[in-house]
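Asks: coords please:
(chains A and B)
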Amino acid sequence: MRVTVRLFARLRDIAGASELPRDVSPGATIGSIWRQLVGEFPDFAGYERSISSAVNADYARMDHLVHDGDEVAFLPPVSGG
Amino acid sequence: MSVPLLAIGTAPLALDALIEAVTDRGTATGSDGAVATFLGLVRNHNAGRVVQHLEYEGYEPLALRVFERIAAETAQRWPGVRLALHHRLGRIEIGGASVAIAAASAHRAHAFSACRYTIERVKQIAPIWKREFFDGGDVWIEGATADPDDEKARQEAERVACV
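Replies: You can find the predicted model right below:
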């Protein structure tokens, strides 16, 4: 199945893209997708403990199961205001 | 004229429109005793650096959901307070406004507290990032790990809002 990964701020800069289509196996979680991305982009590793994640524009935890067509977002520490 | 109570986008912020939106709505017209407002500005210095301008990026659909959550938290904590919250994205020059908040209430204490609580929660959980362009380079500012279910963080926002 296929998901769209959304990346923001410095994660977007590291990856060089704000959207990445990715094929994932059934049973994939946000966390397994994150680990796949850390493999692709080693500089992501420093965010292991500080990122937040969302599925279809709603905050979700790393153990959340993803489905075909989902939009999975990874959010570095925020700095609005 | 009426603007949405909650908004995020690249348009310049107009605090007057937020004040109008919170005081003209609902059945309580005439019963307000106070409107507290907050305007967050881009300043020319940060961490010893001379700032040239900021660029804000946001995950807009999630940010709107977070704004709705903050409004719901505010309504639960300070019943009767009406809240407007707008955040600007894109390039903002020194002195420009990045966030505008208005909170209306029958009593000033609740208006002040709801306004302060709102900006604290925006900084904690809104999926928005600022990139600082300064003399000599640029850097993404990274603050809090956003976790809307972190009750300790929420209580800290409430604590500073009620001093």
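Asks: alpha carbons only for contacts and neighbour counts from here, please
Replies: Will do.
Asks: got the residue ranges for the strands in chain B?
Replies: Defined through DSSP state E, the strands belonging to chain B, from first to last, are B:6-9, B:34-41, B:45-46, B:49-58, B:82-88, B:90-93, B:97-105, B:128-134, B:137-140.
Asks: Which residues of chain A lie near chain B?
Replies: Taking Cα under 8 Å from any Cα of the partner chain as the criterion, chain A approaches chain B at residues A:8-10, A:50-52, A:57-59, A:75-81.
Asks: Going by neighbour count, which of the residues you listed are buried?
Replies: Members of the residues of chain A next to chain B that pass the buried threshold by neighbour count (16 or more other Cα atoms under 10 Å in any protein chain shown) are listed as A:8-10, A:51-52, A:57, A:59, A:75-81.
Asks: So which of the residues you listed are in strands?
Replies: Using DSSP E, the subset of these located in strands is A:52, A:75.
Asks: Narrow the buried ones among the residues of chain A next to chain B to those in helices?
Replies: Among those, the ones falling in helices (DSSP state H) are A:9, A:10.
Asks: Any chance of CSV for the buried ones among the residues of chain A next to chain B, columns pLDDT?
Replies: Rendered in CSV, the data for those read as follows (pLDDT from 0 to 100):
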residue, pLDDT
A:8, 98
A:9, 98
A:10, 98
A:51, 97
A:52, 98
A:57, 98
A:59, 98
A:75, 98
A:76, 98
A:77, 98
A:78, 98
A:79, 98
A:80, 98
A:81, 96
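Asks: can I get the buried ones among the residues of chain A next to chain B in a markdown table with distance to residue B:71?
Replies: What follows is these, written out as a markdown table (distance: Cα to Cα, whole Å):
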| residue | distance to residue B:71 |
| --- | --- |
| A:8 | 25 |
| A:9 | 26 |
| A:10 | 29 |
| A:51 | 24 |
| A:52 | 21 |
| A:57 | 18 |
| A:59 | 17 |
| A:75 | 22 |
| A:76 | 24 |
| A:77 | 22 |
| A:78 | 19 |
| A:79 | 19 |
| A:80 | 17 |
| A:81 | 16 |
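Asks: Can you tell me which of the buried ones among the residues of chain A next to chain B comes closest to residue B:97?
Replies: Each of these was scored against residue B:97 by Cα to Cα, and residue A:81 proved nearest at 9.5 Å.
Asks: wait, what's in contact with that closest one?
Replies: B:40, B:87, B:98, B:99, B:119, B:122, B:123 (Cα atoms under 8 Å, 6 or more residues apart in numbering or on different chains).
Asks: so what's the first one bridging to?
Replies: In this case it means residue B:40. Listed by DSSP bridges, the beta-bridge partners for residue B:40 are residue B:99.
Asks: quick one: it and residue B:94 touch, right?
Replies: No. When contacts are counted by Cα atoms under 8 Å, residue B:40 is not listed as touching residue B:94 (11.3 Å).
Asks: residues in chain B within reach of chain A, list them.
Replies: Near chain A, the residues belonging to chain B are B:40, B:56-59, B:61-62, B:65, B:87, B:98-99, B:119, B:122-131, B:140-148 when assessed by Cα under 8 Å from any Cα.
Asks: Need the contact partners of the lengthiest helix in chain A.
Replies: Residue-count comparison of every helix in chain A, with assignments taken from DSSP H, identifies helix A:30-40 as the longest. With Cα under 8 Å, 6+ apart as the contact definition, helix A:30-40 has outside contacts at A:24, A:44, A:45, A:53, A:61, A:62, A:63, A:64, A:65, A:66, A:72.
Asks: Appreciated, that's everything.
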